[in-house]
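Student: this is a predicted model, with the sequence first.
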Amino acid sequence: MVNLHHTQNRMSHCSVRLSTLVCREGLAGSEDAVIRQTGRFDVISLRLVTRAVYRNHYDKINHSDHEMPAKKWDKKNNVASGKRVNQEVKPASRVAVVTGGAMGIGAEVVERLARIGHHVVIADRDEAASAAMVARLQSQQLSVMAIPIDVSDSVQIATAFGVISNTLGRCDILVNCAGVAKVFPFVDFPLEEFERTMNINVTGTLLCSQHAARQMMHHQWGRIINIASVAGMRAVGTGRTAYGTSKGAVIALTRQMAVELAEYGITANAVAPGPVDTPMTQLLHTAQFRTEYSKAIPMNRYGTVSEIGAAVQFLASDDAAYITGIAMPVDGGFLSSGARGL
């Protein structure tokens with residue numbers, strides 16, 4: 001487990017630095033400069049410091065992401081600088097970052113990774129839901145903290161990963177769960193909604209993965225798991241122009257990441273859920289759609305967040321060391337049988 005006392009001290013030090021920074025910019029006391037403490041870890045409200053302050057101090061806050069050049073992989077001996085891969089870090093000491101980790105699939109992943117001993121960072125813009133998750137899991141002696149982040153904002157992403165590096169010293173596992181979906185007929189699909197969906201689902205995944213990979217490269221070990229969808233592998237009904245396109249892009253991005261990061265001991269895989277009971281599907285799927293969709297699934301039901309979380313947990317483990325570049329359907333057989341009736 002991560003040394004909680006040491007981590008808390010680093011978090012407090014970081015909070016003091018950010019607090020000083022805010023005061024120097026003349027923002028102290030405003031709702032845009034709040035740093036609050038909950039329990040054993042600070043919850044630093046990154047979105048509460050203005051974009052201008054982020055940009056002015058980007059290099060300083062995010063410097064640790066870049067300060068150490070990654071060592072090249074010795075493919076012949078499977079070592080880096082004379083040490084075997086990630087030998088200095090036991091599985092129970094690894095740091096996992098889960099975007100969109102406050103609810104749905106992301107929340108299930110957070111709890112699963114925390115229960116097997118990882119220190120888990122909930123990276124979500126829903127501060128209330130994140131704080132509730134942190135309080136519940138910390139009450140069970142699990143190592144969890146939260147950092148508010150909007151993955152549509154490149155500056156917030158950069159700053160968040162800078163804070164993670166400065167406070168926890170590493171990022172070993174990244175699970176990109178944050179995503180959005182809106183449904184419109186193809187010919188009427190609003191451009192602004194298409195761009196917003198692509199920015200969050202694709203660009204957000206790209207940027208988070210880049211920052212995480214830089215930290216993983218220092219240790220020659222890492223796991224990146226992207227939550228895609230069966231909608232990225234075939235059309236699922238109508239109206240999903242942006243969502244399906246974005247998830248197809250995430251799958252392609254995952255393959256490219258896998259190819260380029262393999263030499264550093266980093267795997268990149270996607271999990272492609274079929275229909276799962278989550279807050280998103282409860283909003284998007286009408287009763288008629290749920291009935292017809294279930295008929296197209298050999299198992300005749302929606303999946304659960306636990307079933308998706310189990311796949312993610314496996315891909316994040318040492319047991320999945322030789323698996324990279326795949327898109328794993330977790331869909332009850334949907335892709336095998338097609339989508340009759342939709």
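Tutor: Nice, I can see it. Residues are numbered from 1 along each chain as shown.
Student: roughly how far apart are residue 149 and residue 213?
Tutor: 17 Å (CB to CB, to the nearest Å). For glycine as for every other residue, the C-beta is placed from the backbone atoms N, C-alpha and C.
Student: now residue 321
Tutor: With CB to CB as the criterion, residue 321 and residue 213 are 17 Å apart.
Student: got it, and residue 256?
Tutor: For residue 256, the distance to residue 213 equals 12 Å [CB to CB].
Student: who has more neighbours, the two?
Tutor: Set side by side, residue 256 and residue 213 show more neighbours around residue 213, with 21 against 12, by other CB atoms under 10 Å.
Student: report pLDDT for that one.
Tutor: Per-residue pLDDT puts residue 213 at 98.
Student: element containing it?
Tutor: Assigned by DSSP states H and E, residue 213 belongs to helix 204-219.
Student: low pLDDT regions in the stretch 1-150 of the chain?
Tutor: Applying pLDDT under 70 to the stretch 1-150 of the chain flags the ranges 1-92.
Student: you'd agree residue 223 is in a helix?
Tutor: No: Residue 223: not assigned to a helix; according to DSSP: H, G, I helix; E, B strand; the rest coil it is strand.
Student: show the subsequent helix or strand relative to the longest strand seen in the chain.
Tutor: Longest strand in the chain by number of residues, with DSSP state E as the criterion: strand 266-273. As assigned by DSSP H and E, the chain's next helix or strand after strand 266-273 is helix 279-284.
Student: helices or strands up against that next one?
Tutor: With contacts taken as 3 or more CB pairs under 8 Å, 6 or more residues apart in numbering; DSSP states H and E, helix 279-284 sits against no other helix or strand.
Student: mind listing what's buried along whichever helix or strand comes after it?
Tutor: Downstream of helix 279-284, the next assigned helix or strand under DSSP H and E is helix 287-295. Going by neighbour count (16 or more other CB atoms under 10 Å), the buried part of helix 287-295 is 289, 290, 292, 293, 294.
Student: using PDB, write out every CA atom in helix 287-295.
Tutor: Coordinates of each C-alpha in helix 287-295 appear next as PDB, following Å, rounded to 0.1, in the frame of the first residue of the first chain:
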ATOM      1  CA  ALA A 287     -38.000   0.700 -22.700                       C
ATOM      2  CA  GLN A 288     -38.700  -0.400 -26.300                       C
ATOM      3  CA  PHE A 289     -35.000  -0.100 -27.200                       C
ATOM      4  CA  ARG A 290     -34.000  -2.100 -24.100                       C
ATOM      5  CA  THR A 291     -36.500  -4.900 -25.000                       C
ATOM      6  CA  GLU A 292     -35.300  -5.100 -28.600                       C
ATOM      7  CA  TYR A 293     -31.600  -4.900 -27.700                       C
ATOM      8  CA  SER A 294     -32.000  -7.700 -25.200                       C
ATOM      9  CA  LYS A 295     -33.500  -9.900 -27.900                       C
END
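Student: for it, what is the average pLDDT?
Tutor: pLDDT averaged over helix 287-295 gives 81.
Student: need the buried residues of helix 287-295 in a markdown table with distance to residue 278, can you?
Tutor: Below are those laid out as a markdown table (distance: CB to CB, whole Å):
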| residue | distance to residue 278 |
| --- | --- |
| 289 | 15 |
| 290 | 13 |
| 292 | 19 |
| 293 | 14 |
| 294 | 15 |
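Student: so the longest strand of the chain versus helix 204-219, what angle?
Tutor: With axes from the mean of the first three to the mean of the last three CA atoms, to 10 degrees as the basis, strand 266-273 and helix 204-219 are set at 150 degrees to each other.
Student: and strand 266-273, what does it pack against?
Tutor: Contact here means 3+ CB pairs under 8 Å, 6+ apart; on that basis strand 266-273 packs against helix 204-219, strand 222-227, helix 241-261, helix 305-315, strand 327-330.
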